[in-house]
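K.L.:
Provided below are the primary sequence and the corresponding predicted coordinates.
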Amino acid sequence: MVKLILNHWLLFISVGVGVMLLWVAAVLSKYVRLMLNIFRDTAAPPLMGPADCERLEGRQVNFRAFDGTRLRGMFYYHKLCLKQNQPQSSNNPTAQMPENSPVPETRGVIIFCHEYGFDGYSCLRYCRRLLEVGFDVFTFDFRSHGASSSLKDYQPRLWCTDKEVSDCLGALALVRTELKGRNLPLKVGFFGISRGAAAAILAADQGRSILPVRAVLADGAFSTDTTLEWLMKRWVHIFARVRFVYERHRPFFWHFLRWLLLKCARVRFNCHYPSVLRTVRRLKDIPIFFIHGAKDSYIQPEHTRMLFENTRSPRYLWIVPEAKHNQSVLAEPELYAARTVGFFAKHLTESSAEAFTIAAHEAEDLTIFFSSDDLSFPPQSLKEKEPSDAQSNGRILCGAARPASAEAV
C-alpha cells in the first residue's frame, strides 16, 4: 500500500484535494441556501402607523419606471398644496387639488422615496416644512406599494434592488419633463427613507444623464452588501453546523461568501442588489446629508457612519440621540425640519437658511452645522467600531475635518 502511494503520490494528492474542495463547496452551498432566508424572512422595522401621516392629495400622475412598470405619483406644489388641502375630518378625509389650479414658482423640486411598507403619502411627515418655505415635492409609490403596479416575478423586500432604482429613475425623468414644461430651472434633490434612501443614492449616481441631482438627504440609509455580511457573521452559528463555516476567518472569506450569496439571490429572486457603499465612493459632486437614529436596533448607526466615512465632501452626518429606525423626525421634529430645509436651501438654491424665514435659534444651528465644505476625502477603515464619547453624546461630524463644529441639540 505504501509502495502504491509512493508510486502514484501525485494522483492521491489530486484526489485528496478534489475531495476537500467538493466538501467545502457542498458545505458552502448548503450554507448559502440557508442564508437566503435573510432575504426572505428579515423582519420589517416597526411601522410608525398611519396616525401621524397626514393624508393630503396633490396632483396625481401615472408614469413609468425605466423598465416599463406603471407607477403612481403626486406633485405637491408648496403654497398651493398647503392652501387648498384642508385638514382631515369625518366629512373630508382627503382633499383633491383642482386640476386647473395655476402652478406657482418653486425654489426646487424634492423627489421623495418612501420606506418599505409605506406609500407616497408618508412624505408629509418629513417634507411639510419644505413645502412651507417654497419647495415642491414629488412623491410616488414604489412598485408593489400603494397604487403602483406589481410584477408577477418580483417580490419587494427590505433590501434595495435595481427595481427600486428603476422606479427612482422614472420619477427623475418625469420631474425633468415637468420642470422643462414649466420653464423652470432644473433644481432637483432626492429625499429618501431607509430602503428609499439607498435607492435615492443609487439613482442620483445612475441618473446623471437624465437630470443631474444637486443634493441627496438619506435618512436611515444602508448598503445591502455590508449589512448582509454583518448579519451573516451575526447569525452564522445558527444556520451552520459545520464549525469550518463559523470559526474565525479573514475578511476575504466573508467577502467571498457574501458575493456568493448575492449571486444566488440574484438568480433566485430575479433582481440585482447594487452596492450603496461602492456608489458613494464614486460620487464626487453630489452633497449627501446622512441622518440616523442612535437607538436604531434594526440598522445600527455604524452602517451609516461607514457610508459617511466613504463619501466625498460636501457630506454631513447627524446621529439623533434618542431616535429609533426611521423615527428621527419624531424624536427631534423641529430640528429635523430646520436641518432638512437648511440642507436643500444650501445646495439647491445656493441661499442661506436665513432667507427661508426660520427661527433665530434654528438659523444659528444651521450656520454651525452646514458651515464646512471641506473637499478633502480621507478614506476610512470599513471595520465596525464603537462610537466615541462625543458621538455617544450626540456630537456629529460635519464636512471632513471639523468634528467639533457641529453638535446635536
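P.N.:
Yep, it's here. Keep in mind that this is a model prediction, so the values were computed, not measured. Numbering: from 1, shown residues only.

K.L.:
Which of the helices or strands spans residue 339?
P.N.:
Using DSSP states H and E, residue 339 sits within helix 333-348.

K.L.:
Just the mean pLDDT for that helix, thanks.
P.N.:
Average pLDDT, helix 333-348: 92.

K.L.:
elements contacting that helix?
P.N.:
When contacts are defined as 3 or more C-beta pairs under 8 Å, 6 or more residues apart in numbering; DSSP states H and E, helix 333-348 packs onto helix 123-132, strand 188-193, strand 215-219, strand 288-293, strand 315-320, helix 360-369. Heads up, the C-betas are built off the backbone N, CA and C, glycines and all.

K.L.:
Mind jotting down where the helices sit in the stretch 101-250 of the chain?
P.N.:
Along the stretch 101-250 of the chain, counting by DSSP state H, counting those that start in this stretch, helices occupy 123-132, 162-181, 195-206, 224-239, 243-246.

K.L.:
Give me whichever of the ones you listed is most buried.
P.N.:
helix 195-206 (a mean of 28; mean count of other C-beta atoms under 10 Å).

K.L.:
average pLDDT across that one?
P.N.:
96.

K.L.:
Run through who's touching that helix.
P.N.:
Here helix 195-206 makes contact (C-beta atoms under 8 Å, 6 or more residues apart in numbering) with 111-116, 142, 158-160, 164-165, 167-169, 172, 190-192, 213, 216-224, 274, 276, 279-280, 282-283, 286, 288.

K.L.:
Please save the CA atoms from that helix in CSV.
P.N.:
What follows is helix 195-206, C-alpha atoms only, in CSV (Å, rounded to 0.1, in the frame of the first residue of the first chain):
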residue,chain,number,x,y,z
ARG,A,195,-34.6,51.5,1.6
GLY,A,196,-35.8,54.6,-0.2
ALA,A,197,-32.6,56.4,0.9
ALA,A,198,-30.4,53.6,-0.6
ALA,A,199,-32.4,53.8,-3.9
ALA,A,200,-32.1,57.6,-3.9
ILE,A,201,-28.3,57.5,-3.6
LEU,A,202,-28.0,54.9,-6.4
ALA,A,203,-30.4,56.8,-8.7
ALA,A,204,-28.5,60.0,-8.1
ASP,A,205,-25.4,58.3,-9.5
GLN,A,206,-27.1,56.4,-12.3
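
K.L.:
got the angle for that helix vs strand 215-219?
P.N.:
Counting by axes from the mean of the first three to the mean of the last three C-alpha atoms, to 10 degrees, helix 195-206 lies at 160 degrees to strand 215-219.

K.L.:
just to revisit the earlier point, how about the helices and strands packed on helix 333-348, which one is nearest residue 234?
P.N.:
When the helices and strands packed on helix 333-348 are compared by C-beta to C-beta, strand 288-293 sits nearest residue 234, at 18.8 Å.

K.L.:
strand partners of that closest one, parallel vs antiparallel please.
P.N.:
Paired with strand 288-293 in the same sheet, following DSSP bridges, are strand 215-219 (parallel), strand 315-320 (parallel).

K.L.:
winner for burial among those strands?
P.N.:
strand 215-219 (a mean of 28).

K.L.:
sorry, back to before: could you dump the strands paired with strand 288-293 into JSON lines and include mean pLDDT and distance to residue 307?
P.N.:
Output for these, formatted as JSON lines (pLDDT from 0 to 100; distance: least, C-beta to C-beta, whole Å):
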{"stretch": "strand 215-219", "mean pLDDT": "97", "distance to residue 307": "8"}
{"stretch": "strand 315-320", "mean pLDDT": "94", "distance to residue 307": "9"}
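
K.L.:
circling back to that earlier point, tell me which of the helices of the stretch 101-250 of the chain sits nearest to residue 320.
P.N.:
Nearest of the helices of the stretch 101-250 of the chain to residue 320, taken as C-beta to C-beta: helix 123-132 at 13.3 Å.

K.L.:
Give me the packing partners of the closest one, helices and strands only.
P.N.:
Checking 3+ C-beta pairs under 8 Å, 6+ apart, helix 123-132 ends up next to strand 70-76, helix 78-84, strand 109-113, strand 136-140, strand 188-193, helix 333-348.
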